[in-house]
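*Asks:* Structure here, sequence nowhere to be found:
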């Protein structure tokens, strides 16, 4: 199916009348609802989320030039700048840590919150196991080898554990103890 000028005009007409993308697709034939939505988007036709059609857009423009509507908002901005000034400063501080940061390759990763929650016994066991690890590359991994990554993937010192896995798990016994924590301990940490 190609979008001929005739089909595009029919699409524009039906869209302007407020018909749904499904109705337009059915009328055009040989095209899906999503194809209609994509074409509407590419043509830059109105969103209609406000229920407005081209006919409804014109009345909105007529009241807008009235100076009375502009006079009322002027006092409000005078009081509002004093309020938003402290609010963005307060909001900016918590917003930064909440965003995920992209860390360039080769840079150390920031401390992960889960590292503080792992029991010292589990960490000791992991340290012992990693001394015995086979230190495999990605291409050497199989379904029977532990896939626990060790180190920074951007460096040459990066490797995978490679010890035999626990049945039904992707990691060896020590790494399973770190990766999979009981539900009750996770609930307790949230409280």
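*Replies:* The structure has been received and is ready for your questions. Every value quoted in this text rests on a predicted model; they were computed, and no experiment measured them.
*Asks:* residues of stretch 171-185 that come out buried?
*Replies:* Buried residues in stretch 171-185, counting neighbours by 16 or more other C-beta atoms under 10 Å, are found at 171, 172, 174, 175, 176, 177, 178. Yep, even glycine has a C-beta here, placed from its N, CA and C like the rest.
*Asks:* low-confidence ranges in the chain?
*Replies:* Within the chain, the stretches with pLDDT under 70 are 1, 49-101, 106, 109-118, 182-191.
*Asks:* which two in the buried residues of stretch 171-185 are spaced the farthest apart?
*Replies:* Within the buried residues of stretch 171-185, two members stand farthest from each other by C-beta to C-beta: 172 and 178, at 10.3 Å.
*Asks:* can I see the domain layout of the chain?
*Replies:* 5-60, 116-190 (automatic domain parsing).
*Asks:* which ones are touching residue 126?
*Replies:* 174, 175, 177, 178 (C-beta atoms under 8 Å, 6 or more residues apart in numbering).
*Asks:* 10 Å - rerun?
*Replies:* By C-beta atoms under 10 Å, 6 or more residues apart in numbering, the contact list for residue 126 reads 118, 133, 148, 150, 161, 172, 174, 175, 177, 178.
*Asks:* before we move on, the earlier item: who touches both of residue 172 and residue 178?
*Replies:* 126, 129, 148.
*Asks:* nearest to residue 157, of these?
*Replies:* residue 148 (14.9 Å).
*Asks:* Okay, the closest one and residue 30: tell me how far apart.
*Replies:* Remark: distance between residue 148 and residue 30 (C-beta to C-beta, to the nearest Å) = 52 Å.
*Asks:* neighbour count winner among these two?
*Replies:* residue 148 (23 against 9; other C-beta atoms under 10 Å).
*Asks:* so that one touches residue 158, yeah?
*Replies:* No: using C-beta atoms under 10 Å, residue 148 makes no contact with residue 158, being 11.8 Å away.
*Asks:* Verify the stated contact: residue 143 with residue 165.
*Replies:* Yes: taking contacts as C-beta under 10 Å, residue 143 lies within contact range of residue 165: 7.6 Å.
*Asks:* Next, show the common contact partners of those two.
*Replies:* With C-beta under 10 Å, 6+ apart as the test, residue 143 and residue 165 reach no residue in common.
*Asks:* Comparing those two, which residue is more hemmed in?
*Replies:* residue 165 (21 against 7).
*Asks:* give me the number of residues near the nearest residue to that one once chain neighbours are set aside?
*Replies:* Take residue 165 and drop its neighbours on the chain: the residue closest to it by C-beta to C-beta, 6 or more residues apart in numbering is residue 146, 5.5 Å away. Using other C-beta under 10 Å, residue 146 has 25 other residues around it.
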